[in-house]
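**Student:** everything below, folded, please.
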Amino acid sequence: MKKNISVAVLGSTGYVGLELINIMSHHPNVDIKFLGSDTNFNKNVKVFDRRISNYKLPYLDKFNNLDFNSIDIVFLALPHKVSQAFINENKSALSNLKIVDLSADFRLDNADIYKKNYNVEHACPDLLTKFVYGLSEINHDKIKKSNYISIPGCYPTSILLPLIPLFKSNLVETNNIIIDSKSGFSGAGKKFDKSILLNNENYNFYNYNTNDHRHICEIHQELSKFNDNEINFSFNPHILPIFRGMMSTIYCDLKTNISSKTILDNLKKYYQNSFFVNILDNDKADFNIVQNTNNCYIRLFKHLDSSKIIIVSLIDNLIKGASGQAVQCMNIMYDLPENTGLKKINNSD
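**Tutor:** Numbering: from 1, shown residues only. I've put the predicted structure just below:
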């Protein structure tokens, strides 16, 4: 167990980067040594997030000023393409460090599939299979043994946590699945034009990229690792006029002679020792219980057709769907309790 982990965060002023800094500022084992930004050089990061105003932090600096010898682990809160470019340009310097990448660049195992979905040749395809997919509750042992972690997308996190245990136990049909997901607008990143929501369309709510979202291949890839049957699903994501929060409603066909109680018992058993995944009985499932936490709440509902089940999964897209899961992975890598620094997150947005 390492008591003082020297950390660098690159991409410090985006939603995910700021959330990372907020969490790690009060992590008892973390010493933030470097905050990198591609645009806001020599600025105090506190001007971008009032939650961290009480912590002593380094000023924002250019990526190329990072002293690799001064850190143990680097968090890349960068857009796809930018993250892989940084790693490719600094392979030698990074070789003895731990890397937690929050972009999409190392989530997919296949460079051709990456190119098809992100319209760019991968800069370092040789590293794709070296990165462990950082779905903490599912890949705990692999994360613990690895130095390279790729944090899942927010939609996949909310979808895979309830589905993977059911796929592993062969309790639901793997085809004809309908996934209906809703996210706060922070999921689209800071470049998303918030004025559309905050001015003319303050209460707008709309779907986008139906069955054409980049996360589809990521979801399919991970589900296929736990069940050999053909997998087929429809995915319809939506943007809500709220800042944070994500809800995925999943409609599945049950296997023959499988009841909703069997599904509930399976999920409860699978996550009985989890710090963060909670299976609800009759509690209300809404954004209030997950916002500003690293929790995932899952609730089941009976379908009018008894051969089907409805699963509702809730997370905070910025925390369990990104920064919180990244810190959880770091804790696993350093043999710390998974909830270190994540028990209570400063939530004064």
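**Student:** what's around the residue lying closest to Asp72 once chain neighbours are set aside, how many residues?
**Tutor:** Distances taken as C-beta to C-beta, 6 or more residues apart in numbering place Ser6 nearest to Asp72, at 4.8 Å, with adjacent residues excluded. Where you see a C-beta, it was placed from the backbone N, CA and C, and this is true even at glycine. By the other C-beta atoms under 10 Å criterion, the neighbourhood of Ser6 contains 17 residues.
**Student:** name the SS class of Ser6, please.
**Tutor:** Assigned with DSSP: H, G, I helix; E, B strand; the rest coil, Ser6 falls in the strand class.
**Student:** cool, Asp180 as well?
**Tutor:** Under three-state DSSP, Asp180 comes out as strand.
**Student:** pretty sure it sits against Ser248.
**Tutor:** Yes. Counting by C-beta atoms under 8 Å, Ser248 is a contact partner of Asp180 at 7.2 Å.
**Student:** okay, these two: which has more neighbours?
**Tutor:** For Asp180 versus Ser248, the count of surrounding residues by other C-beta under 10 Å is larger for Ser248: 27 against 17.
**Student:** give me the beta-bridge partners of the more buried one?
**Tutor:** With DSSP bridges applied, the residues forming beta bridges to Ser248 are Ser181, Ser313.
**Student:** I'd like the distance between it and Ser136.
**Tutor:** Here the criterion is C-beta to C-beta, to the nearest Å. By it, Ser248 lies 17 Å from Ser136.
**Student:** do the same with Phe48
**Tutor:** Relative to Ser136, Phe48 is positioned 27 Å away (criterion: C-beta to C-beta).
**Student:** in the protein, what residue sits furthest out from the centroid?
**Tutor:** Among residues of the chain, the one most distant from the C-alpha centroid is Asn257; the distance is 34.1 Å, by C-alpha atoms, centre = their mean.
**Student:** apart from its chain neighbours, what residue comes closest to Asn209?
**Tutor:** Nearest non-adjacent residue to Asn209, counting by C-beta to C-beta, 6+ apart: Pro237, 6.3 Å away.
**Student:** my read is the one you found is in a helix, agree?
**Tutor:** No. With the criterion set as three-state DSSP, the secondary structure at Pro237 is strand rather than a helix.
**Student:** and it, what does it touch?
**Tutor:** When the contact criterion is C-beta atoms under 8 Å, 6 or more residues apart in numbering, the partners of Pro237 are 155, 181-183, 207-210, 213, 215.
**Student:** before we move on, what about Ser150?
**Tutor:** Ser150 touches 101, 105-107, 131-134, counting by C-beta under 8 Å, 6+ apart.
**Student:** buried stuff in stretch 9-27?
**Tutor:** Along stretch 9-27, these residues count as buried under the neighbour rule (16 or more other C-beta atoms under 10 Å): 9-25, 27.
**Student:** which parts of the protein are strands?
**Tutor:** Assigned by DSSP state E, the strands in the chain fall at 5-10, 30-36, 60-61, 73-76, 98-101, 132-133, 148-150, 177-184, 206-207, 233-240, 246-253, 277-280, 296-302, 308-315.
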